[in-house]
Each structure stands twice: as structure tokens, then as C-alpha cells.
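In: sequence unavailable; structure follows:
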């Protein structure tokens, strides 16, 4: 008779998600695990510590101390000790956060820079971060509220390229309650970041108030539905990107001063594809992102031409000439459009 204790189902769920992400990585390589000490990242670190050695992988837990809260150094040291107890190599990295805009965005940017640097130092092939299905749902809701288009509604991808290193989010189909229960089942002490409940931050308000109200008023399953929406939109975006890559060479011509797009070919495309082509051209050529209103103004040069003059855009200027829309770099002294 087998008397071994059964594995807690929440621990099994997290381990399975992590195993699926680790399995394609080459044996003998190293991975970085972002560890804050919270339930999500601690459950992730515990699962990586269990699964990585079985696949011949070396894992390093990196805790980034942003220095934005009193006692942040002690929290970071505690997270590192937890990683060591799990059998992981542990590092603490202190960063300076330049809070020019929102502190959340600045801290996130500084954290990813630190994780990429740690990955390069360790020769790691991947960085694991602990975003959950709940984080995905919050991201989609925030994007919807800001009206920032389908790109933001795609949420976070399970796998992206972070300057030559894979950035993996294996827990995007795992609920936050599951990670917390997994930590409890393994006797792991969780740190609760007070910023996660601070109503000054939009994400905290969505987490604490908006999603619970939606669940109460519309019924359970809202977070899962939002996450499914993000996945479906990512699939649509990938299809559009393939279409753009297939057609872009027939539409554009490179010139010394910039790039131009055929007006008849652009106008012949459906609006969704036309707008994506315009945004793609500007981003690829000038490294700038267009708002929807800017995109529509450029599109009217092809679909609603009435002799309008040049349009100032971030990093470039668009004008219609000789049956083409020409995008040319603006001089450094030009004032950017509002």
C-alpha cells in the first residue's frame, strides 16, 4: 500500500505549468526566476526549484530591490533566503528607480532591465516571471478603460523576446488564489506588497474593486473570460502581422529621406489592415508609435483625399505626393505633435 502523502492539487497545477515552460529549454542551460517574495513569484520559484534539476537546468532566483518602500532591503534578503532554502542560487539586485512618470511603470522598467542584466551575467536562456491569469485580466481591463486599442487588449504574451533572452510567463492560466494556496501547502512564508492594495494605483483599484464587482454583478468567470479575450486577440494580431509581412514589400518603397506607401494599394485594403500597415511602417522606420487619431489622419490621405497638407507625427511627417504617401524624418529642431 502506498503511504506517501498526496501532492496538493494547487502545487501540482503550478508545477505542471512550469514543467511545460521548462521542457523545451536545452539541458545544461540556466534560467532566471524573478522573485519578489509574494505568493505568485514564490510559488513559481518553488516549482522551478523542483522541476529544473530533473530537466538538467540550473536556476537562479533574482530579487530586485527597488528601494521604494521602507524596509525593502530586508524584504529582498528574506526572499533570497527563501530561494536558498528551496535549493536555488539566489541574488539580490538593488536598482535606482527614476520616477519621472508613474512609479509602477518606472519600477517595472527598472526590474526588467535588472533581470535582463542578470540573465546576461549568468548566460541564462530564459527569464521566468510570475504573472497569473488574474494579472492578465487586470491588464485587459486597464487597456479597455484607456481605449488604447487591440494591442493593449492582447495582454501579456506567454513568451516574448527580451533582447535575446526568452521572457516566459508560465502561470498565465493559473489563478492567483492557486499560487497562494500552493505556498500555504508547502509552508512558504509569503510577503504581501502593500502597493498591491494601495488605491493610488489603477491596477490596485481594478484588483480590489472593479473585478470583484464584475464577478458579483455578472457572475463568476470574468477573469477567465478576459484572459481568453487576450489570447484570441493575440491570435488575430499574429495573423494580421503575417498578412502585413506578405504584402508590405508590394506597398512600400524606400527612399533616402524615408519611406513611401502606394495610395491605391493602401486604399484597397480593409481598414483594419490599412491602419496596421501605417502603424507598422512608422514604427519600423522611425521607432515611433501612432495613436488611433494619428493613424486615421494618415489613412485619410489615401481614402479621403481633398488636398490636405503634411501631417506631423512622432519622429516623422506624412504627406501625399504622386500617388504615394511619403513618410520622412522630421528635423531634430521640429516640435513634436501634441
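Out: Arrived safely, thanks for sending. Since this is a predicted model, take the numbers as computed values, not measurements. Numbers count the residues shown, from 1 in each chain.
In: secondary structure class for residue 326?
Out: Look at residue 326: counting by DSSP: H, G, I helix; E, B strand; the rest coil, its state is strand.
In: give me the neighbour count for it.
Out: Applying other CB atoms under 10 Å, we find 20 residues neighbouring residue 326. All C-beta atoms are positioned from the backbone trio N, CA, C, and that covers glycine.
In: wait, doesn't it sit right on residue 260?
Out: Yes: counting by CB atoms under 8 Å, residue 260 is a contact partner of residue 326 at 4.3 Å.
In: helix or strand with the lowest mean pLDDT in this protein?
Out: helix 150-153 (a mean of 72; mean pLDDT, DSSP states H and E).
In: partner strands of the helix or strand following that helix and their direction?
Out: Per DSSP states H and E, the first helix or strand lying C-terminal to helix 150-153 is strand 159-162. Here strand 159-162 has these sheet partners by DSSP bridges: strand 165-168 (antiparallel).
In: so what touches the partner strand?
Out: Applying CB atoms under 8 Å, 6 or more residues apart in numbering, the contact partners of strand 165-168 are 21, 112, 116, 119-120, 124-129, 158-161.
In: flag every buried residue along that strand.
Out: 165, 166, 167, 168 (16 or more other CB atoms under 10 Å).
In: the very next helix or strand once past that strand: how far from the chain's middle?
Out: Counting by DSSP H and E, the element after strand 165-168 in chain order, helix or strand, is helix 176-185. Centroid separation for helix 176-185 versus its chain: 23 Å, with CA atoms, centre = their mean, to the nearest Å.
In: can you give me the buried ones in helix 176-185?
Out: Going by neighbour count (16+ other CB under 10 Å), the buried part of helix 176-185 is 176, 178, 179, 180, 181, 182, 183, 184, 185.
In: just checking, the last one touches residue 8?
Out: This points to residue 185. Yes: assessed by CB under 8 Å, residue 185 is found in contact with residue 8 at 3.8 Å.
In: how about the contacts of strand 165-168, which pair is most distant?
Out: Checked with CB to CB, these reach their widest spread between 120 and 158, with 22.3 Å between them.
In: between those two, tell me which one has more neighbours.
Out: Per other CB under 10 Å, whichever of residue 120 and residue 158 has more neighbours is residue 158, with 18 against 13.
In: the more buried one contacts residue 174, correct?
Out: No: under the criterion of CB under 8 Å, residue 158 is not in contact with residue 174, lying 11.6 Å apart.
In: which helix or strand contains residue 188?
Out: Going by DSSP H and E, residue 188 is not in any helix or strand.
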